[in-house]
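# compute the structure for the input listed below.
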Amino acid sequence: MTSIACPGFQAAGVHAGLKNNGAKDLGLIFSDVPAHVAGVFTTNRVKAAPVLLDMERVKTGRCRAILVNSRNANCCTGDRGMQDALAMGRAVSEALGLDENDVLVASTGVIGTPLPIEKIESAVPDLARSLTPQGFMDCSRAIMTTDTVPKLVHRQGALDGKNFHVTGLAKGSGMIAPNMATMLCFVCTDIQAEPVILRSMLLKSVQNSLNSIIIDGDTSTNDTTLVLANGLSGISLADSGCPQAFQTVLDEVLITLARELVRDAEGATKMVKVSVKGAMTPEDARAVAETVANSPLVKTAIFGEDANWGRIAAATGRAGILMDPGSLDIFFDDVQMVSNGLSCGAQTESAATAVLKQAEFSITIDLNAGSEEASVLTCDFSIDYVKINADYRS
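Residues are numbered from 1 along each chain as shown. Here you go, the predicted model:
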């Protein structure tokens, strides 16, 4: 991958001793100038200490740095956990000469184990010295847990002859069924944006990207998505035409990251778009899409390359919406398996099976009850998913 940078931002990643294999496990993102920030966080009632701290600090709308560790979630760790989260921010503020309140922190990894804060504090000075505009790949690698590849995306937009940049990085391969945010995701941009407007645009992007993926049905305790805007492009969201231009690029970055997260899901062999159309309300369409995408029976059938449409119909029927089973149509890509609630016959089986052998395909459910639609990205459940999560702590 070519070097990725965003004007006015630096990043770094080092090994602090949290991972046993010598891999990078501590990442840092830094804005050269004061930046505005917006964030969305997990709605899981069990929230990690870094999430609770960041939820308070983002209220100022300011941020200069984000420190992230992997291997340890710093969740369900009591008062010590909050003290450790504060210590992470303090270490960065001292190393870079920043106000502590301008430093946000994030953690990912095993829940319930105290954070080895002394290792992080010892590593931060070297981490700060390692900051470079080309350091985003190192940072992206440092925040990985069961991820097999880093997720890093850069896009550029233009308005009235000026360019602006959006760079995003994310991690996550399991414990993913986001609600308001996702895993860990950090976005840097040189757009000038007020925090309130920035958060509104972030929420819109997240809903159609990071909030529309399901890997295993679990919502993490540490889900955090942050966007920093330092304004160095000279382009402001207050400029005519800028909101639409920026929203388009932000959407593209987060949608690309969302796809990469699903593609790298724990043990996954397939990436599937579950689309629902013909619903009476947007909420109905979303409910069916999420229920089907989250069904273990559907996901295991996908892994087995079995066009078992009955499981899809059953999941649709338990989605909690009013529907007519006799109006249901189901497709694998463009192969129709079900028409008006009944099988289209054995002749479609081989064509549908061929679709399921692809690494990427779509399942479309038409309720034929209205004009609303929704879609969710999901993956299969493989034997490797069970193996990975059976001994995750080791």
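
# ok, residue 81 - contacts?
Shown in contact with residue 81 (Cβ atoms under 8 Å, 6 or more residues apart in numbering): 48-49, 74-75, 114-115. Yep, even glycine has a C-beta here, placed from its N, CA and C like the rest.

# who are the packing partners of the helix or strand encompassing residue 121?
Element membership of residue 121 [criterion: DSSP states H and E] is helix 117-129. Packing partners of helix 117-129 (3 or more Cβ pairs under 8 Å, 6 or more residues apart in numbering; DSSP states H and E): strand 9-14, strand 26-41, strand 62-69, helix 78-96.

# sec struct for residue 262, please.
Recorded secondary structure, residue 262: helix (DSSP: H, G, I helix; E, B strand; the rest coil).

# quick one on the thing from earlier: got TSV for the contacts of residue 81, with secondary structure, distance to residue 142 and neighbour count too?
Shown next, in TSV, are those (DSSP: H, G, I helix; E, B strand; the rest coil; distance: Cβ to Cβ, whole Å; neighbours: other Cβ atoms under 10 Å):
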residue	secondary structure	distance to residue 142	neighbour count
48	coil	18	32
49	helix	19	27
74	coil	16	32
75	coil	19	25
114	coil	20	12
115	coil	15	27
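
# avg pLDDT for the helix or strand where residue 310 lies?
Taking DSSP H and E as the criterion, residue 310 maps to helix 309-317. Averaged across helix 309-317, pLDDT comes to 97.

# CA atoms of the next helix or strand after that helix as PDB?
Moving toward the C-terminus from helix 309-317, the next helix or strand (DSSP H and E) is strand 329-332. Only the C-alpha atoms of strand 329-332 are listed here, as PDB (Å, rounded to 0.1, in the frame of the first residue of the first chain):
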ATOM      1  CA  ASP A 329     -39.800 -13.100  -2.900                       C
ATOM      2  CA  ILE A 330     -36.100 -14.200  -2.300                       C
ATOM      3  CA  PHE A 331     -33.100 -13.900  -4.600                       C
ATOM      4  CA  PHE A 332     -29.500 -14.900  -4.500                       C
END
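
# in its sheet, what does strand 329-332 sit against?
With DSSP bridges as the test, strand 329-332 is paired with strand 335-339 (antiparallel), strand 360-366 (antiparallel).

# what about stretch 10-21, start to end distance?
With Cα to Cα, to the nearest Å as the measure, the first residue of stretch 10-21 is 26 Å from its last.
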